[in-house]
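Asker: have a look at this fold, sequence not included:
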């Protein structure tokens, strides 16, 4: 499986660390739609148990709210020290966009267990996520955080 690069891993952690005891948190950029970060379920993968997280940008300007973009990630945290970023493994699971008519799952999860993944698609999801997280930071979603 393809995991996020270290800079994206650090950005991802900055978002999820704001969850604290909450399951959902909202971030607002300098302008535009809000970003929702949600802790989902615990699942098992080949290297242990981890959490699923959803990052989604919603557009509420239409009568029916639409997902501008959503990515779901599988996160394995094997760190001993908080700065052991290489041991915080974040794997994109899916990418959805109502706007662009995208609905792709690169990881199959059945009954809480990852049973398969599509290597080529998962690599594309990883590449997209690395850029997307950088873009989210540049758009101001982590301001004052």
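Answerer: Ah, there it is. As the structure is a computational prediction, the values presented were derived from the model and not from experiment. Numbers count the residues shown, from 1 in each chain.
Asker: who's sitting farthest from the centroid in this structure?
Answerer: Distance to the chain centre peaks in the chain at residue 63, reaching 26.3 Å (criterion: Cα atoms, centre = their mean).
Asker: which residue, neighbours along the chain excluded, lies closest to residue 48?
Answerer: Nearest residue to residue 48 in three dimensions, chain neighbours excluded: residue 76, at 5.8 Å (Cβ to Cβ, 6 or more residues apart in numbering). To be clear about C-beta, it is placed using only N, CA and C from the backbone, and glycine gets the same treatment.
Asker: was I right to think residue 128 contacts residue 96?
Answerer: No. The pair residue 128 / residue 96 is not scored as a contact, 11.7 Å apart, by Cβ atoms under 8 Å.
Asker: compare these two (neighbour count), which wins?
Answerer: residue 96 (19 against 16; other Cβ atoms under 10 Å).
Asker: list the residues that contact that one.
Answerer: For residue 96, the contact set (Cβ atoms under 8 Å, 6 or more residues apart in numbering) comprises 67, 69-71, 102-104.
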